[in-house]
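Novice: Fold the following.
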Amino acid sequence: MPTADETAGLAPVALTLDYTEEELGRFDMVLAQETLAEARPTIWEGWPAFIGLGLAVATGATLLAIAGGIATARSGAGIAALCFGVYWLGITAPGLAMGIADRRRRKAVYDAFRAEWNGTRMLATQGGIWFRRDGLRSFIGRSAIRKASSADGLLLLHLRAGQPTMIPLRLLTPEQRDFLTSLARSDQRNG
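Specialist: Model prediction:
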């Protein structure tokens, strides 16, 4: 099998990868949508569960306050509203903190990914796709590419195992895109 250096002149697709933070975010969204499409959530995993639990907490706290003599039956609605508000404040505060931490973590992951992959040389031939960067050369054979799809300005090459390989469409000409897509199509016909 020829090396990437030997096929450079024969490669229909030869480009240098360059990812933006926006493209990595869109890739995360595409993966999340695929994962959610496969998952079957129950009634206890969505908003009805949070609202139901909030109502139960508020009702329980109100009944305890009335039974304990802290409040009268007339002030029950006010106590329930206060309990419901405190419940929602308590349930959203960790979510907000996790969102801030997640954005920081995601930025660090994106920066590390871009530092590792930006500048990687990609060559695609009839046999598969070569990647070359400092100290690393790898090859994805045509038989490993299960399917190709496009989503949000990205070409995704779905492999038999693991996450898809992402290539920004802005780096590809229409002919290169067709060639990469044909790698998956021809494998489906043959295999």
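
Novice: roughly how far is stretch 20-31 from the heart of the chain?
Specialist: In terms of Cα atoms, centre = their mean, to the nearest Å, the centre of stretch 20-31 is found 7 Å from the chain centre.

Novice: What mean pLDDT does it get?
Specialist: Over the span of stretch 20-31, the pLDDT mean works out to 88.

Novice: Put the alpha carbons of it into PDB.
Specialist: What follows is the C-alpha trace of stretch 20-31 in PDB, where atoms were taken according to Å, rounded to 0.1, in the frame of the first residue of the first chain:
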ATOM      1  CA  THR A  20     -13.100  27.200  14.200                       C
ATOM      2  CA  GLU A  21     -14.700  27.200  17.600                       C
ATOM      3  CA  GLU A  22     -18.100  27.700  15.900                       C
ATOM      4  CA  GLU A  23     -17.600  24.600  13.800                       C
ATOM      5  CA  LEU A  24     -16.600  22.500  16.800                       C
ATOM      6  CA  GLY A  25     -19.800  23.800  18.600                       C
ATOM      7  CA  ARG A  26     -21.900  22.800  15.600                       C
ATOM      8  CA  PHE A  27     -20.200  19.400  15.700                       C
ATOM      9  CA  ASP A  28     -21.100  19.000  19.300                       C
ATOM     10  CA  MET A  29     -24.700  19.900  18.600                       C
ATOM     11  CA  VAL A  30     -25.000  17.400  15.700                       C
ATOM     12  CA  LEU A  31     -23.600  14.600  18.000                       C
END
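
Novice: Near L96, how many other residues are there?
Specialist: Taking other Cβ atoms under 10 Å as the neighbour definition, L96 ends up with a count of 9. All C-beta spots, glycine's among them, are computed from the backbone N, C-alpha and C.

Novice: and it, backbone torsions?
Specialist: Phi and psi for L96, reported as degrees, to the nearest 10, are phi -60, psi -40.

Novice: now it: how far from G162?
Specialist: Distance check for L96 against G162: by Cβ to Cβ, to the nearest Å, it reads 33 Å.

Novice: Show me where this protein has its strands.
Specialist: 13-16, 121-125, 128-133, 136-141, 145-151, 154-159, 165-168 (DSSP state E).

Novice: Please dump those into a markdown table; it should also carry mean pLDDT for every row.
Specialist: What follows is these, written out as a markdown table (pLDDT from 0 to 100):
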| stretch | mean pLDDT |
| --- | --- |
| strand 13-16 | 88 |
| strand 121-125 | 92 |
| strand 128-133 | 92 |
| strand 136-141 | 90 |
| strand 145-151 | 89 |
| strand 154-159 | 91 |
| strand 165-168 | 92 |
